[in-house]
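Q: curious how this folds, go ahead:
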Amino acid sequence: MKVKLFVTAFILATAALIFVISAGSRQASPASITNLLYETEASDSAVARDRLIAAQHAARAPDLAAGAWINSDPLKLSALRGRVVLVDFWTFGCYNCRNTLPALKRWDIEYRERGLTILGVHSPELDNERNLDNVRREVASLGIRYPVVTDNDYETWRAFSIEAWPTEILLDKQGRIRWIHVGEGNYAETEEAIKSLLAE
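A: Take a look at the predicted model:
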């Protein structure tokens, strides 16, 4: 009986230790998107989504990882300085991502000549979304004309500390992250942010 109690206690203690270690490793992992992507005053540090981040508090965007490009030659964010850039993290099988496409395509048509570049970062959720032929076919059938780059290894996803599909991130003309929106909706607010950044 004492041996059984000892074994049970040992197993519980080991499980508790593993839990503490894993919790500590989660805290040491990359910060949440709002903490990683910009630095701000303490009073503003809770949430930066769906509001224009002041230029003086905005962090520079990380580089895009290598991937296969659709609708474009390979692009670098540094080569897009002087333009406002909307980075859309999506995948073609995501229903919510598809629902954002009408707004993205409209903005591409309306603001491209005024200084907006939309970049789709295709980070797959399912195995068939990793196949380049499938991505090319879906981009064409969905009528996407802006550049799309594949992110099969989630390098760009992790660099931006993305947590959900879709996520839209707006960069100003200096390549700083100024707006973050996760999920569908808030199209009018995002468009106002685009216009504000184009006017800067």
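
Q: please name the residues that touch residue 120.
A: Contact analysis of residue 120 by C-beta atoms under 8 Å, 6 or more residues apart in numbering lists 88, 90, 104, 139, 144, 146-149. Any C-beta I mention is one placed from the backbone N, CA and C, and that applies to glycine too.

Q: that one and residue 55: what is the separation?
A: Note on residue 120: its distance to residue 55, by C-beta to C-beta, to the nearest Å, is 25 Å.

Q: still on that earlier bit, tell me the one of the contacts of residue 120 nearest residue 63?
A: Using C-beta to C-beta, residue 149 comes nearest to residue 63 of the contacts of residue 120, at 11.6 Å.

Q: returning to that earlier point: check the contacts of residue 120 and tell me the two furthest apart.
A: The most widely separated members of those, counting by C-beta to C-beta, are 104 and 149 (14.9 Å).

Q: for this protein, which segments count as strands?
A: For the chain, the strands defined by DSSP state E cover 69-70, 84-90, 116-122, 148-150, 167-171, 177-182.

Q: ok, which of the ones you listed comes nearest residue 49?
A: Closest to residue 49 of the strands of the chain is strand 177-182 (C-beta to C-beta; 4.9 Å).

Q: now that closest one - C-alpha only, PDB.
A: Output in PDB follows, covering the C-alpha atoms of strand 177-182 (Å, rounded to 0.1, in the frame of the first residue of the first chain):
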ATOM      1  CA  ILE A 177       3.300  48.100 -38.300                       C
ATOM      2  CA  ARG A 178       0.400  50.500 -37.700                       C
ATOM      3  CA  TRP A 179      -2.800  48.500 -37.800                       C
ATOM      4  CA  ILE A 180      -3.700  44.900 -36.800                       C
ATOM      5  CA  HIS A 181      -7.100  43.200 -37.400                       C
ATOM      6  CA  VAL A 182      -7.900  39.500 -36.700                       C
END
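
Q: pLDDT on it, on average?
A: Averaged over strand 177-182, pLDDT sits at 97.

Q: what's the angle from it to strand 167-171?
A: In terms of direction (axes from the mean of the first three to the mean of the last three C-alpha atoms, to 10 degrees), strand 177-182 departs from strand 167-171 by 170 degrees.

Q: neighbouring contacts of strand 177-182?
A: Counting by C-beta under 8 Å, 6+ apart, 33-34, 37-38, 48-53, 55, 58-61, 163-164, 166-172, 189-190, 193, 197 sit against strand 177-182.

Q: again with stretch 136-153
A: Taking C-beta under 8 Å, 6+ apart as the rule, stretch 136-153 contacts 64-65, 67-72, 74-75, 89, 92, 98, 101, 104-105, 108, 112, 117-124, 130, 132, 135, 156-157.

Q: out of those, which end up buried?
A: Among those, the ones that count as buried by 16 or more other C-beta atoms under 10 Å are 64-65, 67, 70, 89, 92, 98, 101, 104-105, 108, 117-124, 130, 135, 156-157.

Q: how far off centre is stretch 117-137?
A: Stretch 117-137 sits 14 Å away from the centroid of its parent chain (C-alpha atoms, centre = their mean, to the nearest Å).
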